[in-house]
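**Student:** mind folding the following:
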Amino acid sequence: MRPLETLLWYGEITWDYVCQMLPCMAAALVGFLLLRRYRKEHLARRGLVSGPWREGALLLFVMFCAGLAALTLFPAGFWRSAHWRAAWRGETTLFPKEVDWRWQLQHAQLTPFQEIKRGLRGPWVMFLVLANMGIFIPLGFFVALLWRRPRWWKTTLIGFFASVLIEFVQLFIARSSDIDDVILNTTGALAGFWLFYLLRALFPGFIRKFQCKERTV
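**Tutor:** The predicted structure is shown next:
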């Protein structure tokens, strides 16, 4: 493929993934709004208040996590409209009827950097490499932005354990599990932290708007 064709192809695939994230993101939006009153009351009891900047960032983070779950904790293509139409017509089932998790475990890719090296040989594997790292950048960024005492190692651990959980769940939903995904996801989360760190160094006053503040009478 030519570079421009590859970029357009990447854009089409990315848009397809974004569309699959939307149903769970919409559900997260509704849940966030329904629970917002109880969150505010909980913060008030602690003498804290969450301003509009923090609330907006928290909403985006919750919606992103729901979208991430849609892409990773369900069978591949589960949230495509074509899949639901086929299930409605009886041509397929929403979830796999039976998954041989023992076979899944035996065929898990546990050799570090194998898929990462393969990414240099083809546009599809390279897309997976970039996507697995890129999709965890928001996770690392929002965790650091919303945490009162952000630390790079805390963000890295959160990215690591979130990725391990995803790879473990995928053993039971007929999806491949790959140690390189954990490496790339964790790297993406760490990159998200350093993006936050850079913005905090450049715009410290603005970044403080995303923290809870003590309630003033």
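
**Student:** what are the buried residues along stretch 108-120?
**Tutor:** Residues of stretch 108-120 classed as buried by neighbour count (16 or more other Cβ atoms under 10 Å): E115, I116, G119. C-beta: built from backbone N, CA, C; applies to glycine.

**Student:** take those residues and keep only those in helices.
**Tutor:** Among the buried residues of stretch 108-120, the residues falling in helices (DSSP state H) are E115, I116.

**Student:** now the buried residues of stretch 108-120 in TSV, please, with extra columns for pLDDT and distance to A82.
**Tutor:** As requested, the buried residues of stretch 108-120 are exported to TSV (pLDDT from 0 to 100; distance: Cβ to Cβ, whole Å):
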residue	pLDDT	distance to A82
E115	82	27
I116	84	31
G119	78	28
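
**Student:** closest one of the buried residues of stretch 108-120 to T6?
**Tutor:** G119 (12.9 Å; Cβ to Cβ).

**Student:** quick check: chain neighbours aside, which residue is closest to that closest one?
**Tutor:** V129 (3.8 Å; Cβ to Cβ, 6 or more residues apart in numbering).

**Student:** need phi/psi at the one you found.
**Tutor:** Dihedral pair for V129: phi -60, psi -50, per degrees, to the nearest 10.

**Student:** ok, which stretches of the protein are helices?
**Tutor:** Remark: helices assigned in the chain by DSSP H are 3-45, 52-72, 81-88, 101-106, 114-118, 123-134, 137-146, 152-170, 179-202, 204-207.

**Student:** the third one versus helix 3-45: what angle between them?
**Tutor:** Using axes from the mean of the first three to the mean of the last three Cα atoms, to 10 degrees, the direction of helix 81-88 lies 80 degrees away from that of helix 3-45.

**Student:** returning to what we had before: tell me which of the helices of the chain sits most buried.
**Tutor:** Mean neighbour counts were compared across these using mean count of other Cβ atoms under 10 Å; the top stretch is helix 137-146, at a mean of 22.

**Student:** the inter-axis angle of it versus helix 152-170?
**Tutor:** On the basis of the same axes, to 10 degrees, helix 137-146 is oriented at 140 degrees to helix 152-170.

**Student:** quick one, helix 137-146 and helix 179-202 angle?
**Tutor:** Inter-element angle recorded for helix 137-146 and helix 179-202: 40 degrees (by the same axes, to 10 degrees).

**Student:** so what touches helix 137-146?
**Tutor:** By Cβ atoms under 8 Å, 6 or more residues apart in numbering, the residues outside helix 137-146 that reach it are 54, 57-58, 60-61, 64-65, 68, 150, 154-156, 158-159, 162, 188-193, 195-197, 207, 210-211.

**Student:** ok, F127 - contacts?
**Tutor:** F127 neighbours (Cβ under 8 Å, 6+ apart): Y10, I13.

**Student:** thanks a lot, see you next time.
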